[in-house]
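Student: Give me a model of this one.
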Amino acid sequence: MNYPKHVQIVEVGPRDGLQNEKQEIPASVKIELINKLSAAGFHNVESGSFVSPKWVPQMATSADVFAGIARKPGVIYSALTPNMKGFEGALAAGAHEVVIFGAASEAFSQKNINCSIAESIERFRPVAAAAKANNIRVRAAISCAYGCPYQGEVSIASVIDCLERFAEMGCEDIGIADTIGVGTPALVYETLSAAAKAFPVEKISGHYHDTYGMACANVLASLEVGVATFDTSVAGLGGCPYAKGATGNVATEDVLYMLHGMGITTGIDLDAVCEAGQFISQALGRAPHSRVNRALAAKRAG
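Tutor: Okay, the predicted model is just below:
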């Protein structure tokens, strides 16, 4: 297979990974986690979300987190922004990139934000325009691209429709996400092959959850299409607060182990990521979900 020689990993643990945690995590812990991840070699760390604390209480400290991190030159510190108020918060905090989102599932969109897919994406137009005016990167995410907790199957045509809407809005990168982790390699390959005909493959990223244990296999299928950017979460943190039973994002450590074993470079220090995974897992009072992290920890202890 003609796999990419280099892969970029967007570390989403501090935002997507922690947003669903019930226990309060102090800003100081989030700051230390982000600093550890920056030091490990990531070029993009999703560091917070400027959403209503009523809906996502865990992200209420995002402004404090952005103010407290030791910013490393060359690292993009990104933030999820659901609306203009969120964008203004991200702008004030000095975020380098904002993330906007829409679901490929009509049922998911109606159930969660009471509007159609087209309407939900259109709401982000002023956010994208404001970001461009302020020289801030815009990244889009298409959720429920491989399946929906409400309607089941999601058509590839719907995914491509979302992709084209975000592309027309001027998004620099577009992520195609398996929010509930039901995707399989064949479906991922087919979907991304179609996406690559509608948008430059080098600007497409993959985002996989490991609910059915398919995440690393789906990363591999993505590589076969030529996708070379992936969202991953240190220690396998995360889930989807609106998709019952959806387990965490694919663990950063597991993806790095696979990629490095294939001779694909990332510029990221796996041992340093494992240390960051142990740090946040201890703060949460549990073992890392990452199999690689647990295996390497056992090896070191032995």
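Student: Does F42 belong to a helix, a strand or coil?
Tutor: Secondary structure state of F42, per DSSP: H, G, I helix; E, B strand; the rest coil, is coil.
Student: Contacts only, for it.
Tutor: Residues in contact with F42 (C-beta atoms under 8 Å, 6 or more residues apart in numbering) are I9, V10, E11, V75, I268. Any C-beta I mention is one placed from the backbone N, CA and C, and that applies to glycine too.
Student: among these, who's most crowded?
Tutor: E11 (30 neighbours; other C-beta atoms under 10 Å).
Student: looking at it, it is touching K36, isn't it?
Tutor: No: applying C-beta atoms under 8 Å as the test, E11 and K36 come out as separate, 10.3 Å apart.
Student: now stretch 45-57: mean pLDDT?
Tutor: The pLDDT scores in stretch 45-57 average 94.
Student: no no, stretch 72-80
Tutor: The predicted model assigns stretch 72-80 a mean pLDDT of 97.
Student: Quick check: buried residues in that stretch?
Tutor: For stretch 72-80, the neighbour count (16 or more other C-beta atoms under 10 Å) marks K72, V75, I76, Y77, S78, A79, L80 as buried.
Student: okay, the residues you listed in JSON lines with secondary structure and distance to F42 next?
Tutor: Converted to JSON lines, the buried residues of stretch 72-80 look like this (DSSP: H, G, I helix; E, B strand; the rest coil; distance: C-beta to C-beta, whole Å):
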{"residue": "K72", "secondary structure": "coil", "distance to F42": "9"}
{"residue": "V75", "secondary structure": "coil", "distance to F42": "7"}
{"residue": "I76", "secondary structure": "strand", "distance to F42": "9"}
{"residue": "Y77", "secondary structure": "strand", "distance to F42": "10"}
{"residue": "S78", "secondary structure": "strand", "distance to F42": "11"}
{"residue": "A79", "secondary structure": "strand", "distance to F42": "15"}
{"residue": "L80", "secondary structure": "strand", "distance to F42": "17"}
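Student: Pick out the most distant pair among those residues.
Tutor: For these, the farthest-apart pair by C-beta to C-beta is K72 and L80; their separation is 20.7 Å.
Student: Could you point out which residue ranges in the stretch 201-302 of the chain have low pLDDT?
Tutor: Within the stretch 201-302 of the chain, the segments meeting pLDDT under 70 span 239-247.
Student: Helices of that one, start to end?
Tutor: If you assign secondary structure with DSSP state H, counting those that start in this stretch, the helices in the stretch 201-302 of the chain sit at 215-225, 252-261, 270-284, 291-301.
Student: Reformat these as TSV; add distance to W55.
Tutor: As requested, the helices of the stretch 201-302 of the chain are exported to TSV (distance: least, C-beta to C-beta, whole Å):
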stretch	distance to W55
helix 215-225	26
helix 252-261	26
helix 270-284	21
helix 291-301	30
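Student: From the chain's centroid, how far away is stretch 126-135?
Tutor: Here stretch 126-135 shows a centroid-to-chain-centroid distance of 21 Å under the convention C-alpha atoms, centre = their mean, to the nearest Å.
Student: Not counting its own residues, what contacts it?
Tutor: Here stretch 126-135 has contacts from 81, 83-84, 86-87, 91, 98, 100, 137-138, 169-171, using C-beta under 8 Å, 6+ apart.
Student: If you count neighbours, what's buried in that stretch?
Tutor: V127, A128, A130, A131.
Student: Export the helix or strand where the third one lies to PDB, keeping only CA atoms.
Tutor: Per DSSP states H and E, A130 falls inside helix 125-133. Extracted C-alpha coordinates of helix 125-133, given in PDB (Å, rounded to 0.1, in the frame of the first residue of the first chain):
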ATOM      1  CA  ARG A 125     -21.400  31.200   8.300                       C
ATOM      2  CA  PRO A 126     -20.900  34.400  10.500                       C
ATOM      3  CA  VAL A 127     -18.500  32.400  12.700                       C
ATOM      4  CA  ALA A 128     -16.400  31.400   9.700                       C
ATOM      5  CA  ALA A 129     -16.500  34.900   8.200                       C
ATOM      6  CA  ALA A 130     -15.400  36.500  11.600                       C
ATOM      7  CA  ALA A 131     -12.600  34.000  11.900                       C
ATOM      8  CA  LYS A 132     -11.300  34.800   8.400                       C
ATOM      9  CA  ALA A 133     -11.500  38.500   9.200                       C
END
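Student: Name all residues that make contact with the closest residue to V250 other than its chain neighbours.
Tutor: Of all residues not flanking V250 in the chain, A215 sits nearest, at 3.5 Å (C-beta to C-beta, 6 or more residues apart in numbering). Contacts for A215 were tallied using C-beta under 8 Å, 6+ apart; they are D178, G181, Y208, H209, N249, V250, D254, V255.
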